[in-house]
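Colleague: the following block contains a protein sequence and its predicted model.
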Amino acid sequence: MKNRISLLVTDLDNTLWNWFDIWYAPFSAMLEEIVGLSGIDRATIISEIRAVHQVRGTSEYTYLIQELPSLQKRHPGEDLGVVYENAIHSYRSSRRDVMALYPGVHEVLATIKDCGTRIIAYTESHAYVSSYRLKKFGLDGIVDVLFSPPDHDFPTGITPEQMRTLNSEQYKLSTTEHRHTPRGHLKPDSAILELIVDEFGEEVSSTVYVGDNLMKDIAMAQKVGIFDVWAKYGTEIDPDEYSLLQKVSHWSPEDIKREIEMKNAPNVTATFTLEDNFAEILNYFEFGA
């Protein structure tokens with residue numbers, strides 16, 4: 001018999017959608033445009049991007065071009081958003097091409113929701129990108145509550161509204177409740193997951209957690225004592241493309257080492273594994289109110 005589940009907690013990036021593809025394709029397109037338009041060598045641009053990302057605490061920083069020192073020096077007093085409009089266009093165009101859920105995710109989550117199961121999303125990605133993608137992918141209302149860190153800091157005098165090109169309805173969740181986790185709180189610390197289970201779950205035996213990272217997600221779920229499901233399909237990343245992320249990431253060298261160790265996690269074995277797609281979760285559990 002399948003285990004009956006009344007609370008589904010899920011990671012977002014590389015579990016419901018391919019975060020790396022959504023990041024890499026538009027970022028690399030923008031990077032090449034910046035290098036080509038500015039004439040500044042690629043290594044210098046990459047080094048400056050990393051410095052900005054580390055200050056802002058994110059690798060998805062909207063105001064990036066405007067804060068690169070070499071571009072400021074090359075174009076004193078000019079609006080860099082206008083000067084490098086083609087780079088911004090390349091980013092947005094490429095992003096449109098790759099913005100998608102993994103196959104079957106929307107249908108499966110909608111089915112689980114219709115069964116009366118509560119669905120909670122728990123991510124380490126910042127508030128803006130997390131809520132925007134939930135909205136974009138039609139998950140506003142299917143997910144009951146989103147837990148994410150608040151947004152990163154913005155330049156002095158700049159508001160989030162000034163940096164966004166669409167109206168607020170494109171970003172703001174209308175049905176899903178959005179709660180912020182403490183800044184700097186990282187998985188596999190189980191405190192937030194324990195809070196979620198205590199508030200929304202009936203008991204640990206009727207709760208399941210899904211995530212792509214063995215240490216961050218699976219070990220955390222096992223510590224809490226709930227069913228753990230490994231989204232193995234979300235771990236496949238091109239090593240050459242991943243190296244670009246490491247070069248420009250806000251992560252410190254220690255963070256990168258920690259991330260690699262967590263991905264490998266030889267001592268962590270998942271109880272259930274989704275080999276190819278999210279829909280395989282229906283093979284293991286019966287969902288209900």
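Modeller: Received, thanks. Residues are numbered from 1 along each chain as shown.

Colleague: any low-confidence regions in this structure?
Modeller: Screening the chain residue by residue with the criterion pLDDT under 70, one finds the ranges 152-171, 255-266.

Colleague: and with 80 instead?
Modeller: Applying pLDDT under 80 to the chain picks out residues 1, 151-171, 184, 251-266.

Colleague: per-domain residue ranges of it.
Modeller: Each domain of the chain is listed here as a residue range: 3-17+100-287, 24-97, per automatic domain parsing.

Colleague: distance between the ends of the shortest one?
Modeller: It refers to domain 24-97. Across its full length, domain 24-97 reaches 12 Å end to end, with Cα to Cα, to the nearest Å as the criterion.

Colleague: ok now that domain, how far from the chain's centre?
Modeller: If you compare the mean C-alpha spot of domain 24-97 with that of the full chain, they lie 21 Å apart, counting by Cα atoms, centre = their mean, to the nearest Å.

Colleague: just send the domains of the chain back as a markdown table, with mean neighbour count too.
Modeller: (Glycine included, C-beta is placed from N, CA and C.) Formatted as a markdown table, the entries for the domains of the chain read as follows, by neighbours: other Cβ atoms under 10 Å:
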| stretch | mean neighbour count |
| --- | --- |
| domain 3-17+100-287 | 17 |
| domain 24-97 | 17 |
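
Colleague: please, where are all the strands along the stretch 51-200 of the chain?
Modeller: Per DSSP state E, counting those that start in this stretch, the stretch 51-200 of the chain has strands spanning 118-122, 145-148, 177-180. These are given in chain order.

Colleague: packing partners of the longest one?
Modeller: In other words, strand 118-122. In terms of contacts (3 or more Cβ pairs under 8 Å, 6 or more residues apart in numbering; DSSP states H and E), strand 118-122 is packed against strand 7-10, helix 105-114, strand 145-148, helix 191-200.

Colleague: so which of those comes closest to residue 286?
Modeller: Smallest distance to residue 286 across those (Cβ to Cβ): 10.3 Å, for helix 105-114.

Colleague: so what touches the closest one?
Modeller: 8, 16-17, 119, 137-139, 142-143, 278-279, 281-282, 287 (Cβ atoms under 8 Å, 6 or more residues apart in numbering).

Colleague: in those residues, find the pair that's most separated.
Modeller: Spanning the widest gap among the contacts of helix 105-114 are 17 and 287, at 20.9 Å by Cβ to Cβ.

Colleague: before we move on, back to that, tell me which of the strands of the stretch 51-200 of the chain lies nearest to residue 269.
Modeller: If we rank the strands of the stretch 51-200 of the chain by Cβ to Cβ, the stretch that ends up nearest is strand 118-122, at 21.5 Å.

Colleague: off-centre distance for that closest one?
Modeller: In this view, strand 118-122 has its centroid 14 Å away from the chain centroid, taken as Cα atoms, centre = their mean.

Colleague: kindly export that strand (C-alpha atoms) in CSV.
Modeller: Presented in CSV, the C-alpha positions along strand 118-122 are these (Å, rounded to 0.1, in the frame of the first residue of the first chain):
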residue,chain,number,x,y,z
ARG,A,118,-1.4,21.2,1.3
ILE,A,119,1.6,22.2,-0.8
ILE,A,120,4.4,24.3,0.7
ALA,A,121,7.4,25.6,-1.2
TYR,A,122,10.7,26.1,0.6
